[in-house]
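Participant: Pasting the sequence and the predicted model now:
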Amino acid sequence: MEYRKFRELLRKGECETTDFKLECNAFQRNTADNAEFVKDIVAMANNGYVASYLVIGVSDDRKGFRSVANDNLTDENLQRLCRDSVTPTPAVKLTRESWPRAANRKHKGKTFVVIQVGPQPRQCFSISRDLVDWPHRCCHRKHEVWVRRGTTSDLATPQEIKRLLEGKVAIARPAAETSVDYTRLRQDEVESAILSDLSDLVHSAGGQLHGPTHFTNGRARRYLTGHRIMLPIEGSNLVLKLLVIDKCTSRAQMGRLQEAYLDVQHGLLLVCHGNVSPQSVVFLDQTLKEPWGWFCVSAPYSWIRREIALPRKSKGSYTLHRFSLALPRIRSSDALRRAWAGMVTSLKETPDITGVVARRRSGLRAALKVWLREGCPAESNRHYSYAGRLPKRIEGLRSNEFWAPARYGGRVMVKQPEEVRWVREYLKVI
């Protein structure tokens with residue numbers, strides 16, 4: 001977790017998605033401690049589509065901070081406990097965090113344990129076995145369902161269990177408190193509302209949202225505003241170009257959106273207020289209709305050579321499939337949360353999707369390494385051709401220019417030191 005996110009949790013304080021504990025004695029042969037730990041995880045798992053955090057080493061009033069001394073608090077023990085004691089098994093992750101350069105001196109030199117629960121499709125999570133410790137007056141029975149009620153964990157009522165089984169939020173609230181209806185907003189407010197909600201979802205999943213960036217949309221010469229999402233999937237970041245549009249109804253429109261340039265990325269994420277019609281995607285090389293939307297792969301072509309200047313005779317094939325993720329009918333915050341959770345789950349667990357994503361990631365890394373080795377060159381405006389014959393040497397080249405017609409054709413190439421630094425940093429995170 002980034003220190004910025006940790007400070008954000010502290011400012012927000014304890015709530016339905018955040019709980020602080022100064023210490024935790026789980027996994028130390030005490031059933032009562034394990035039972036309380038399981039109870040809190042079940043309650044947070046029932047939050048569903050949002051990420052919830054259990055931060056150990058911070059007091060409830062956020063004024064006391066202590067390094068976690070329990071060495072048994074590991075991700076391996078956590079995964080085993082959830083597998084044995086919670087049904088269905090929730091998505092959880094345990095990390096130990098310390099920030100030597102923390103702005104607040106109370107945080108320096110201390111190690112905190114952060115447990116993230118979710119985001120995941122909303123289900124009814126419950127305790128799967130009896131957790132009883134009579135000497136410590138602890139008795140949590142099998143099939144108990146716990147939910148977060150304000151700042152505490154509480155047993156769910158039958159009505160709340162029914163709502164969870166229906167895929168709804170456990171505690172019913174007025175629609176204005178839980179979801180924004182995008183259809184009631186002005187046209188110029190819809191995109192900013194979606195981006196605000198999407199930013200929360202990205203950060204909850206441990207990712208980052210960058211932008212905006214303005215670029216032209218292919219031959220249509222229309223200016224679009226795009227963002228870039230860096231989403232951690234299977235240990236490294238997946239970089240997606242994000243476009244928020246009204247709808248996608250034609251093959252030509254989908255083609256232009258896929259070709260729209262926005263830096264180097266693994267794929268395209270379309271968030272549509274309206275529908276994505278089958279006619280706009282059936283022409284693609286591979287199309288999967290998922291409950292959350294569409295996963296599409298275009299026909300292969302050498303797109304990398306168009307975005308970064310690779311040598312013509314470089315080893316390896318960089319002709320890859322460009323994939324797109326389309327979320328249709330995003331008309332409210334709840335619809336966005338459901339589609340986002342389903343999309344993230346598919347990226348991690350659906351073989352047809354994970355295979356394409358893995359090939360796309362490895363191919364981009366290989367191409368960027370070749371580009372970096374060449375000095376990250378770009379084409380200059382100077383082009384030489386004499387009746388189809390190129391000169392062997394060009395006079396008057398600047399210090400950052402070079403001439404290699406056998407590898408790059410008839411243009412003078414320009415090395416880019418700034419891009420070299422950017423690619424080196426980029427390769428560390430993807």
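Facilitator: Structure's in. What do you need?
Participant: pretty sure Arg129 is in a helix, no?
Facilitator: No: according to DSSP: H, G, I helix; E, B strand; the rest coil, Arg129 belongs to no helix; its state is coil.
Participant: What mean pLDDT does the helix or strand containing Met343 get?
Facilitator: Using DSSP states H and E, the secondary-structure element containing Met343 is helix 333-349. Summarised as a single mean, pLDDT over helix 333-349 is 88.
Participant: tell me the angle of the helix or strand that it is followed by relative to helix 333-349?
Facilitator: Past helix 333-349, further along toward the C-terminus, the next helix or strand under DSSP H and E is helix 351-373. Angle of helix 351-373 versus helix 333-349, following axes from the mean of the first three to the mean of the last three Cα atoms, to 10 degrees, is 80 degrees.
Participant: From the rest of the structure, what touches helix 351-373?
Facilitator: Contacts of helix 351-373 from elsewhere in the structure, counted by Cβ atoms under 8 Å, 6 or more residues apart in numbering, are 233-234, 236, 238, 264, 266-267, 286, 288, 295, 297, 304, 308-311, 314, 316, 318, 320-323, 346-348, 377, 420, 423-424, 426-427, 430. Where C-beta positions appear, they are placed from N, C-alpha and C, glycine not excepted.
Participant: Can I have the buried ones of these as a PyMOL selection?
Facilitator: Buried residues within the contacts of helix 351-373, by 16 or more other Cβ atoms under 10 Å, are selected in PyMOL with:
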select buried, resi 233+238+264+266+267+295+297+304+308+309+310+311+314+318+320+321+322+323+346+347+377+423+426+430
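Participant: what are the ranges of the helices in the protein?
Facilitator: If you assign secondary structure with DSSP state H, the helices in the chain sit at 3-12, 31-45, 75-85, 158-165, 175-178, 187-204, 251-259, 303-307, 333-349, 351-373, 405-408, 417-429.
Participant: Can you say which of the ones you listed is packed in most?
Facilitator: helix 31-45 (a mean of 23; mean count of other Cβ atoms under 10 Å).
Participant: Give me the average confidence score over that one.
Facilitator: Averaging the model's pLDDT scores along helix 31-45 yields 91.
Participant: Which residue, other than its chain neighbours, is closest to Arg163?
Facilitator: Spatial nearest neighbour of Arg163, chain neighbours left out: Ala170 (5.6 Å); criterion: Cβ to Cβ, 6 or more residues apart in numbering.
Participant: Hmm, that neighbour is touching Gln159, no?
Facilitator: No: here Ala170 lies out of contact with Gln159, judged by Cβ atoms under 8 Å, at a distance of 9.1 Å.
Participant: what stretches of the chain score poorly on pLDDT?
Facilitator: With pLDDT under 70 as the threshold, the chain has low-confidence stretches at 172-178, 213-225, 258-263, 282-284, 299-303, 306, 314-317, 385-388.
Participant: Can you pull up the most central residue in it?
Facilitator: Leu231 (2.7 Å; Cα atoms, centre = their mean).
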